[in-house]
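Engineer: predicted model and sequence follow; I will ask about them next.
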Amino acid sequence: MIESFYEAEFKALNKHKIRYLIIGGVAVNLYGLHRLTRDLDLMIDLSKEHFEQFIEVMRKLGYKSKVPKTKWAKCSAVAFHNLKEEDKRIDVFLHNPIDFNEAYKKRKLFKCKGFSISCVSIDDLITMKDKADRIRDWIDVGSLKRIMEIKHNEIKR
């Protein structure tokens, strides 16, 4: 699965205590809707200390942004490309679409091969996808709501 593809990245983020939340297609996959995605979308703690540490972790893992840091202020998100493994890309919001601290309190931890990965809650994922308002997101929202309905009905039984 995709979380295994990014195993080294997750382990490094956890080791350095980077507060992150998986969002986007990988989060959708974790909640049970399997669709093709290769990039890893993250929302992170944007406090200066955490953000700088995140950038350093990305650098150590061989990631670099094609957009110069001096232009980031004008960007809503930035993509980090792995210089050694061209299929790996991590997109990070520079202006989080929802309150990070509140979302982090509600996060869901998924276990994977002896380590945990931190994912936005399904409710927050739906909220973010509603805000994005793209066709792919509409499809994801409908499917995520159906997954929630199915799980709710299974609990009632």
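Structural biologist: All right, it came through fine.

Engineer: going by C-alpha atoms from here, please, whenever you check contacts or count neighbours.
Structural biologist: Will do.

Engineer: measure residue 135 to residue 129 for me?
Structural biologist: Taking C-alpha to C-alpha, to the nearest Å as the measure, residue 135 and residue 129 are separated by 10 Å.

Engineer: equivalent analysis for residue 54, please.
Structural biologist: Going from residue 54 to residue 129 by C-alpha to C-alpha gives 24 Å.

Engineer: residue 145 - how many residues pack around it?
Structural biologist: Neighbours of residue 145 under the rule other C-alpha atoms under 10 Å: 14.

Engineer: what residues of the helix or strand where it lies count as buried?
Structural biologist: Counting by DSSP states H and E, the element that carries residue 145 is helix 135-156. For helix 135-156, a neighbour-count test (16 or more other C-alpha atoms under 10 Å) marks 137-138, 140-141, 143-144, 147 as buried.

Engineer: just stretch 5-24 next, same as before
Structural biologist: Within stretch 5-24, the residues that qualify as buried by neighbour count (16+ other C-alpha under 10 Å) are 6-7, 9-10, 12-14, 18-24.

Engineer: so which of those sit within helices?
Structural biologist: Within those, residues falling in helices by DSSP state H are 7, 9-10, 12-14, 24.

Engineer: how about a markdown table for the buried residues of stretch 5-24, with distance to residue 45 added?
Structural biologist: Putting the buried residues of stretch 5-24 into a markdown table (distance: C-alpha to C-alpha, whole Å) gives the following:
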| residue | distance to residue 45 |
| --- | --- |
| 6 | 19 |
| 7 | 20 |
| 9 | 16 |
| 10 | 15 |
| 12 | 15 |
| 13 | 12 |
| 14 | 13 |
| 18 | 8 |
| 19 | 6 |
| 20 | 6 |
| 21 | 9 |
| 22 | 12 |
| 23 | 13 |
| 24 | 17 |
